[in-house]
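K.L.:
this is a predicted model, with the sequence first.
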Amino acid sequence: MDPQTSDQWMTVAEARLKEARSIQEQMNASVGPAYLSGYGVECALKAYAAGNGGKARGHDLVNLVRLAGLNLSHFKNDAWFLSDWAVDWRYLQRAEQLPHKPCECVKAAGNLHGYIAKQLMRKAKKRQRRSGQL
């Protein structure tokens with residue numbers, strides 16, 4: 001069953017990124033970290049959409065950015081990851097087949113997750129202030 005709330009999606013996102021980092025440390029030339037880090041970002045984007053009362057589906061990160069109500073320009077130097085990551089990376093046999101090094105993917109995914117988490121916290125604080133003023 002898919003996560004339903006923003007917090008549930010972020011919990012999954014953090015787990016996938018933690019796994020990606022762990023594999024990266026043990027198997028530097030593996031496709032796994034790059035692939036898992038993409039799923040971590042996917043879940044973070046779905047968390048952001050859920051935090052806005054929406055529901056985002058699919059695995060296309062650029063489309064999920066749009067569905068979440070964000071813009072690629074928000075992600076500055078790491079937007080390449082959103083454009084380049086593909087669910088088809090799961091079929092790759094070697095890291096050399098990736099468009100970027102796995103360590104670069106994991107780093108970019110961590111930055112993207114951090115940005116999304118920060119924006120979610122800002123939105124939550126804003127909602128709390130509004131509900132306290134009512």
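P.N.:
Looks like it came in fine. Owing to the predicted nature of the structure, the values given are computational and were not obtained by experimental measurement.
K.L.:
for the worst-scoring helix or strand of the chain on mean pLDDT, which positions count as buried?
P.N.:
Every helix and strand in the chain was compared by mean pLDDT, DSSP states H and E; the lowest is helix 102-133, with a mean of 91. Neighbour-count burial for helix 102-133 flags 102-113, 115-117, 119-120 (criterion: 16 or more other CB atoms under 10 Å). No exception for glycine: its C-beta is placed from N, CA and C like everyone else's.
K.L.:
cool, stretch 74-82 as well?
P.N.:
Residues of stretch 74-82 classed as buried by neighbour count (16+ other CB under 10 Å): F75, D78, A79, F81, L82.
K.L.:
per-residue confidence for the spatially most central residue of the chain?
P.N.:
Compute the mean C-alpha point of the chain, and by CA atoms, centre = their mean the closest residue is V41, 1.0 Å away. Predicted confidence (pLDDT) for V41: 98.
K.L.:
pretty sure it is touching D60, no?
P.N.:
No. If you go by CB atoms under 8 Å, V41 and D60 don't touch, sitting 11.5 Å apart.
K.L.:
give the next helix or strand downstream of the helix or strand hosting A47.
P.N.:
Assigned by DSSP states H and E, A47 belongs to helix 32-51. Using DSSP H and E, the helix or strand that follows helix 32-51 in sequence is helix 61-67.
K.L.:
what packs against that next one?
P.N.:
In terms of contacts (3 or more CB pairs under 8 Å, 6 or more residues apart in numbering; DSSP states H and E), helix 61-67 is packed against helix 32-51, helix 79-84.
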